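Visitor: I'd like to go over a predicted model; first the sequence, then the structure.
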Amino acid sequence: MPTAEGARRWAWAGLAVVLLGGLGLRLWGVRTGLPYVYNGDEADHFVPRAVAMFQKGSLNPHYFANPPAFTYLLHYLFAVWYGGAQGVVHALARHPADVYTLARVAAAVLGTVSLWLLYATGARLFNRAVGLLAAAIEAVAFLPVFYAHLALNDAPTLAPLTLSLLGSAGVLRKGRARDYLIAGVGLGLACASKYTAGIALVPLVAAVAARFLDGGSAAGRRALSGLVLAAAVAIGAFVLANPYSLLDYSAFHRDLVHQSTLSAEAQGKLGAPKGGGLSYYLWSLTWGLGWVPALAALGGALTVWRRERALWWLLVPAALAFLAFMGVQGRYFGRWLLPVFPILCLLAAYFAQQAADAAARVLGRWRARGPHAGGPPPAVGAPDAGVPAVRLVLSAVLVAALLAQGLIYSVHAGAVLARADTRTLTREWMLAHIPAGSPIVVEPVSPDGWGTGWNKYPSKISRISATGALEPGRGREVGIEDYERTLAPALLGYYERHGYCWVVSASTESGRAFADPVAVPEAIAYYRALAQQGQVVFRASPYARGHATVAFNFDWSFDYYPLAYDRPGPTMTVYRLHGGRCGG
């Protein structure tokens, strides 16, 4: 029988493997795409806004659609790393790849910190083995690994959110003041990192309610005073990490309402799924977390209800409420599920342990009652030396099943991200074959600096009427989401008359149109005409040889989950037109 000290050392050794492995998966390919930032959210939000605070000499982000905690973290990290405002601004201008790498490493480290906090939460709620397995599941699960590669707030938010969950676990188990304090700090910082991380409030309330109902009047008063403490600390932590929510309340409220409206409105993105949010998120769990962990989490929810109702109320309602809330929103993406991944990992790990224990008990009873060749049956109550070994084998099989899918696809993602992006390959070809200053048409799938050196057609200007004809005048500017609605076959003649002889098309744009052809018939006609009239002079594919293309999807076309991918990016095609001024 292992001692408590031996069990602790075993758990810490296992945790070291999980943390190092999780960090390695998150850092593999962390420089993907650089010096160009191809993810639109990454290019527009946290890093540039952290640097803008230096340029403007103010800590007011002037932007609250995403809360600014991660932006502030990057701001201060940049200040220390580059020695102040001048160094930071100079670094972004001259060495943007280094700045973004530093920000991405920060996201990866915070994602790894969340694994340690998840282990501690599982150990407090269940035992060290459950905590370790829960951390291992999240360490390899595809969505938390992939989004820890980017300077976005999705993976970093898991650290304060899991900290709050750890505090809530402490409230349930011990009810100490420091448990309420930890839960409140984590909750406030999580909400200041990502608004939907406020789901961490549900486990805290459940833990307080269990304390209130289970310990008499004195315990009830302590629970209520603890709740007040947690609420005060949460508000303080939120304001500390988002001070202009008070100092510039009107802007904060305006952006918050705007973001809520965008999330709730009908899916406005061309090519987005139309089957409903709940079904989309349930599907996302099968690959973002994994089939086996997702089903095990369901089994864990049922098992914990039978064994400890207070713990069920701590974990399960939060996950169900989050799925229900996100499922009725108008827009949905797999990564938006990340705030409940820690809970799902805990439930899956608990179910695996219970399943192994139950199988071992059944085997022990069967061996005790069955025939024993070569000797008398063991005495009633005597230990069976074979049962621990079988339990170990069953546990190993369950662990392998829980981790296999995530590990395979996360390793694949690292290998893919470590290779050159198709847009980078396309630019290298263009530098070698298209003279500087040449007029070109490039679809909006890369940052503005990508096309430096050529005369780029303004892709956000619409010259097309509702009937597909060219409109007179200089055209009208449209948002990037309406780009496909600016396309029609008549544009090809316009390109040729004005000398735009090179047209660069990307499958993530044409794919959106072909995913919903009824909505943009003129765009469909444009792509077909381009394929007929244009000569393909270069093509860069992200797919491994022999693999079919992946149908357009707002997750898989950008996170490269399918094993068909060999490198990041869309299929890039360069066409050469030969009519009009392009005929020479």
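Guide: Nice, thanks for sending it over.

Visitor: contacts, neighbours, all on C-alpha from now
Guide: Fine.

Visitor: can you list contacts of stretch 289-306?
Guide: Stretch 289-306 is touched from outside by 137-138, 141-143, 285-286, 311-312, 316, 341, 344-352, 401-403, 405-406, with contacts defined as Cα atoms under 8 Å, 6 or more residues apart in numbering.

Visitor: Quick one: buried ones out of those?
Guide: Applying 16 or more other Cα atoms under 10 Å to the contacts of stretch 289-306, the neighbour count classes 137-138, 141-143, 285, 311-312, 316, 341, 344-352, 401-403, 405-406 as buried.

Visitor: Which of the three states applies to Ala296?
Guide: The three-state label given to Ala296 by DSSP: H, G, I helix; E, B strand; the rest coil is helix.

Visitor: Report pLDDT for it.
Guide: Taken from the predicted model, the pLDDT recorded for Ala296 is 97.

Visitor: How much space separates it from Ser410?
Guide: 20 Å (Cα to Cα, to the nearest Å).

Visitor: Beyond the element among helices and strands of the chain having the smallest mean pLDDT, next helix or strand please.
Guide: Lowest by mean pLDDT, DSSP states H and E among the helices and strands of the chain is helix 249-264, with a mean of 78. The element immediately downstream of helix 249-264 (helix or strand, assigned by DSSP states H and E) is helix 277-285.

Visitor: Quick one: mean pLDDT over that following helix.
Guide: Confidence over helix 277-285 (mean pLDDT, whole number) is 93.

Visitor: Give me the buried positions along it.
Guide: Neighbour-count burial for helix 277-285, counted by 16+ other Cα under 10 Å, picks out Gly277, Leu278, Tyr280, Tyr281, Leu282, Ser284, Leu285.

Visitor: and the first one, what does it touch?
Guide: Residues near Gly277 by Cα under 8 Å, 6+ apart: Met326, Gly327, Val328, Gln329, Gly330, Arg331, Tyr332.

Visitor: Equivalent analysis for the third one, please.
Guide: Under the criterion of Cα under 8 Å, 6+ apart, the contact partners of Tyr280 comprise Pro273, Gly327, Tyr332.

Visitor: Need the buried ones from those selected in PyMOL.
Guide: Written as a PyMOL command, the selection of buried residues from these, which uses 16+ other Cα under 10 Å, is:
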select buried, resi 273+327+332
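
Visitor: Columns distance to Gln533 and pLDDT on top of the contacts of Tyr280, output as JSON lines?
Guide: Formatted as JSON lines, those follow (distance: Cα to Cα, whole Å; pLDDT from 0 to 100):
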{"residue": "Pro273", "distance to Gln533": "31", "pLDDT": "81"}
{"residue": "Gly327", "distance to Gln533": "44", "pLDDT": "87"}
{"residue": "Tyr332", "distance to Gln533": "37", "pLDDT": "85"}
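
Visitor: of the contacts of Tyr280, closest to Leu392?
Guide: Gly327 (39.1 Å; Cα to Cα).

Visitor: from what I can see the closest one touches Gly276, true?
Guide: Yes: between Gly327 and Gly276 there is a contact under Cα atoms under 8 Å: 7.1 Å.

Visitor: wait, what's in contact with Ala488?
Guide: Contacts for Ala488 (Cα under 8 Å, 6+ apart) come out as Ile464, Gly468, Ala469, Glu522, Ala523, Ile524, Ala525, Tyr526.

Visitor: which residues of the stretch 251-400 of the chain score low on pLDDT?
Guide: 261-268, 366-388 (pLDDT under 70).

Visitor: and if we set it to 80?
Guide: Under the criterion pLDDT under 80, the flagged ranges of the stretch 251-400 of the chain are 258-269, 271, 274-275, 330, 359-391.

Visitor: got it, and the chain?
Guide: Flagging of the chain using pLDDT under 80 yields the residue ranges 1-8, 214-220, 258-269, 271, 274-275, 330, 359-391, 472-475, 584.

Visitor: Longest helix in it, please.
Guide: If you go by DSSP state H, the chain has its longest helix at helix 386-417.

Visitor: Mind listing what's buried along that one?
Guide: Of the residues in helix 386-417, those buried (16+ other Cα under 10 Å) are 387, 390-391, 394-395, 398-399, 401-407, 409-417.

Visitor: just checking, what packs against it?
Guide: Contacting helix 386-417 under the criterion 3 or more Cα pairs under 8 Å, 6 or more residues apart in numbering; DSSP states H and E are the following elements: helix 4-27, helix 128-140, helix 142-146, helix 291-307, helix 341-369.

Visitor: That one to helix 291-307, inter-axis angle?
Guide: Using axes from the mean of the first three to the mean of the last three Cα atoms, to 10 degrees, the direction of helix 386-417 lies 140 degrees away from that of helix 291-307.

Visitor: Need the contact partners of the helix or strand that helix 386-417 is followed by.
Guide: Taking DSSP H and E as the definition, the helix or strand that follows helix 386-417 towards the C-terminus is helix 422-433. Taking Cα under 8 Å, 6+ apart as the criterion, the residues outside helix 422-433 that touch it are 33, 446, 450, 538-542, 567-572.

Visitor: ok, 10 Å please
Guide: 33-36, 38, 434, 436, 445-446, 450-451, 453-454, 502, 504, 506, 537-543, 567-574 (Cα atoms under 10 Å, 6 or more residues apart in numbering).

Visitor: out of those, which are buried?
Guide: Of the members of the contacts of helix 422-433, the ones counted as buried by neighbours, 16+ other Cα under 10 Å, are 33-36, 38, 445-446, 450-451, 454, 502, 504, 506, 539-543, 567-574.

Visitor: quick one on the thing from earlier: from the contacts of helix 422-433, which land in strands?
Guide: Filtering the contacts of helix 422-433 for membership in strands, criterion DSSP state E, returns Trp502, Val504, Ala506, Val537, Phe538, Arg539, Ala540, Met572, Thr573, Val574.

Visitor: from the residues you listed, which is closest to Leu227?
Guide: Nearest to Leu227 among these: Ala506, at 52.7 Å, using Cα to Cα.

Visitor: Which strand residues bridge the closest one?
Guide: Beta bridges link Ala506 to Met572 when assigned by DSSP bridges.

Visitor: who are the neighbours in contact with it?
Guide: Contacts for Ala506 were tallied using Cα under 10 Å, 6+ apart; they are 422-423, 442-446, 539-540, 569-574.

Visitor: out of these, which one sits closest to Trp28?
Guide: Within the contacts of Ala506, proximity to Trp28 (Cα to Cα) peaks at Gly569, which comes in at 16.9 Å.
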